[in-house]
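Provided below are the primary sequence and the corresponding predicted coordinates.
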2 protein chains.
Amino acid sequence: MSVPASPCSKCYLRKQCLFYRAPGVAQGGADQILASALTTNIPVVQGERVYGYGSPFEYFYMVKSGSVKCSLGTSAGEELIVDLCLPGDIFGLDGLNDARHSYSAVALETGLLCKIRFETLERLITEEPCILRSLLRLMGQKFISDLRFVTSRMSTDKRIAHLLINLSKHNGPNTLPATRVRLPMTRADMGNYLGMALETVSRILSIFQKNGIIDVHGKHVEILDPDALNRIMADREVDLSAPAADNSAQ
Amino acid sequence: MSVPASPCSKCYLRKQCLFYRAPGVAQGGADQILASALTTNIPVVQGERVYGYGSPFEYFYMVKSGSVKCSLGTSAGEELIVDLCLPGDIFGLDGLNDARHSYSAVALETGLLCKIRFETLERLITEEPCILRSLLRLMGQKFISDLRFVTSRMSTDKRIAHLLINLSKHNGPNTLPATRVRLPMTRADMGNYLGMALETVSRILSIFQKNGIIDVHGKHVEILDPDALNRIMADREVDLSAPAADNSAQ
DNA sequence: CGCCTGTTTGACTCGCGTCAATGAAAGTGG
DNA sequence: CCACTTTCATTGACGCGAGTCAAACAGGCG
């Protein structure tokens, strides 16, 4: 083909990328569509706001590296983090119901984003119906997030276990091994996201550490006993009262 | 026109109906599209399951009268009500991410539903792009539900106030006045939906009643002091310790 | 009339939020 | 390179909101 290779054809996330893996689109065709519509590798630094509440809705974004929090603001000035976006995740869908964003999106870590203009995507959908399927499936995924169940039903230790397991599952082959997790956010943000006080986050991480389940150093967590984490999350009895590891030499 | 009038042209919900009010579609055209695609006035009785977890995804539904709860099941057999659908609301979008529903939908009250086959809707989108806008806006609305904020940040009395206000706002001109609310669900379901114990629901309703804010009789609630409800929700100090009304004769 | 489901109310307990103080780490300027 | 400031994290003490357990009550239905 005489079409120039899209920048996505070598992206390490291409297998999980919404736009790239649109089912039913021949790869060459998808590349062509992408090359014309996507803006790739947009750098963002930690704390940078990608968009704010009420700002005009123009793009869908994807996290290529780093992480992004999407949060909802209140009249009292508090925030509620409603979505945590890691590499491969999409955000920006909160602008769909009117022409403005109802969340704000802030980079938790320095990284790279890709984006596609919504109008372009709409046009592409009418030209290539299978993209609609992809988009709807993607939105469906965001819908059935179990976060609401986690925050409204699970005890605080279960919530932390849940988050740790989720983060470790998110580690791809190109990143850390599944037993090493980098917490992308502060304790305050974790608490906000999980619906608990930041002190509780810290306390539970300490308890897990005392029991030899994990090893915490700031934002870096080593999962020593994944089974224990799973047991905690699965509601089976786990004794979190007595230290299990011989940390006495410390 | 020789096209027969669609059953929707006289529906009392037509102004808020997703399919009917698709913007940019000439009314006659919309009617025609609807007549061919919608199944209207499907009766459901209280407790009837419209679809269950894992059942094949075929339709989008709309509540015409009555109410429907959408809930997520857990391995332990509990349920979590994630959506409460009142007349004019859409449900069924939980089937979008794969070909099966991830929620179950159960009628809370006897009423009528309308439905549209998803495949048909997909085809209509490619023929009439403005329907895509409608659908996406609708999905966007579901996204930015503030329920997560309510359940994870507000105290239990605020949550109840929030629900009562929402229900009263939902009363259309054809239904009850804004000061009269019919609770569509049991205390247990309310608690489940709002993330609290059913006893707490009952207790708070009683407290509101003692303070002369509402008058409760089973599922029927008369809002005596809407301002007080709004103040409770808005975090301003409201004294809920002493009875304000002269109910001593009771 | 008794059964069953749903509601109300009380008593008790405890998980976790709040307040507070200290410690560690990271950024800032001279 | 080292003081200073600021942000972030940890740990303890304390109290309250709300869950759990339990019992009595109301209403609907066969």
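The structure has been received and is ready for your questions.

Going by neighbour count, list what's buried in stretch A:142-158.
Neighbour counts over stretch A:142-158 (16 or more other CB atoms under 10 Å in any protein chain shown) mark A:142-144, A:146-154, A:156-158 as buried. To be clear about C-beta, it is placed using only N, CA and C from the backbone, and glycine gets the same treatment.

whoops, stretch A:191-201 was the one
Under the neighbour-count rule (16+ other CB under 10 Å), stretch A:191-201 has A:191-196, A:200-201 buried.

Out of those residues, list just those in strands.
When strands are assigned by DSSP state E, not one member of the buried residues of stretch A:191-201 lies inside them.

Tell me which two of these sit farthest apart.
Maximum pairwise distance among these (CB to CB): 12.6 Å, between A:193 and A:200.

Please parse chain A into its domains.
Residue ranges for the domains of chain A, per automatic domain parsing: A:27-145, A:149-249.

right, and these - which one's nearest residue B:16?
Residue B:16 sits nearest to domain A:27-145 of all the domains of chain A, at 14.1 Å, using CB to CB.

So which of the buried residues of stretch A:142-158 sit within helices?
Filtering these for membership in helices, criterion DSSP state H, returns A:142-143, A:147-153, A:156-158.

ok, and residue A:68, which helix or strand is that part of?
For residue A:68, the element it lies in under DSSP states H and E is strand A:59-73.

any idea how far residue A:127 is from the residue nearest to residue A:126 when sequence neighbours are not counted?
Nearest non-adjacent residue to residue A:126, counting by CB to CB, 6 or more residues apart in numbering or on different chains: residue B:129, 5.2 Å away. Shown here: residue B:129 relative to residue A:127, a distance of 11 Å by CB to CB, to the nearest Å.

Those two - which one has more neighbours?
Legend: neighbour count by other CB atoms under 10 Å in any protein chain shown for residue B:129 and residue A:127, higher for residue B:129 (14 against 9).

where are the low-confidence patches of chain A?
Scanning chain A for pLDDT under 70 picks out A:1-6, A:19-36, A:172-176, A:236-250.

list the helices and strands the helix or strand containing residue A:164 packs on?
Counting by DSSP H and E, the secondary-structure element that holds residue A:164 is helix A:156-169. With contacts defined as 3 or more CB pairs under 8 Å, 6 or more residues apart in numbering or on different chains; DSSP states H and E, helix A:156-169 has these neighbours: helix A:147-153, strand A:180-182, helix A:187-194, helix A:198-210, strand A:220-223, helix A:226-233.

Please identify which of these is closest to DNA strand C.
Each of the helices and strands packed on helix A:156-169 was scored for nearness to DNA strand C using CB to the nearest atom of the strand, and the closest is helix A:198-210 (3.4 Å).

quick one: the closest one to helix A:226-233, angle?
With axes from the mean of the first three to the mean of the last three CA atoms, to 10 degrees as the criterion, the two stretches helix A:198-210 and helix A:226-233 enclose an angle of 140 degrees.

anything in helix A:198-210 near chain B?
No - contact check for helix A:198-210 against chain B, using CB under 8 Å from any CB of the partner chain: none in range, with a minimum separation of 13.5 Å.

next SSE after that helix?
Following helix A:198-210 in sequence order, the next helix or strand is strand A:214-217 (DSSP H and E).

That following strand vs DNA strand D: in contact?
Yes - contact of strand A:214-217 with DNA strand D is found when judged by CB under 7 Å from any atom of the strand, involving residue A:216.

Please apply the same query to stretch A:110-127.
No - residues of stretch A:110-127 are not located near DNA strand D by CB under 7 Å from any atom of the strand, the shortest gap being 14.0 Å.

List, one by one, the residues from chain A near DNA strand D.
So far as CB under 7 Å from any atom of the strand goes, chain A lies against DNA strand D at A:186-188, A:198-199, A:201-203, A:205-206, A:216, A:218-219.

Which ChimeraX command selects the buried ones in those residues?
Per 16+ other CB under 10 Å, the buried members of the residues of chain A next to DNA strand D correspond to this ChimeraX selection:
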select /A:187,201,203,205
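
possible to save the residues of chain A next to DNA strand D as TSV with distance to residue A:78?
Compiled in TSV, the residues of chain A next to DNA strand D are given as follows (distance: CB to CB, whole Å):
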residue	distance to residue A:78
A:186	16
A:187	17
A:188	12
A:198	13
A:199	17
A:201	17
A:202	20
A:203	22
A:205	23
A:206	26
A:216	27
A:218	25
A:219	23
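
Kindly identify which of the residues of chain A next to DNA strand D also come near DNA strand C.
With the criterion set as CB under 7 Å from any atom of the strand, the members of the residues of chain A next to DNA strand D near DNA strand C are A:199, A:218.
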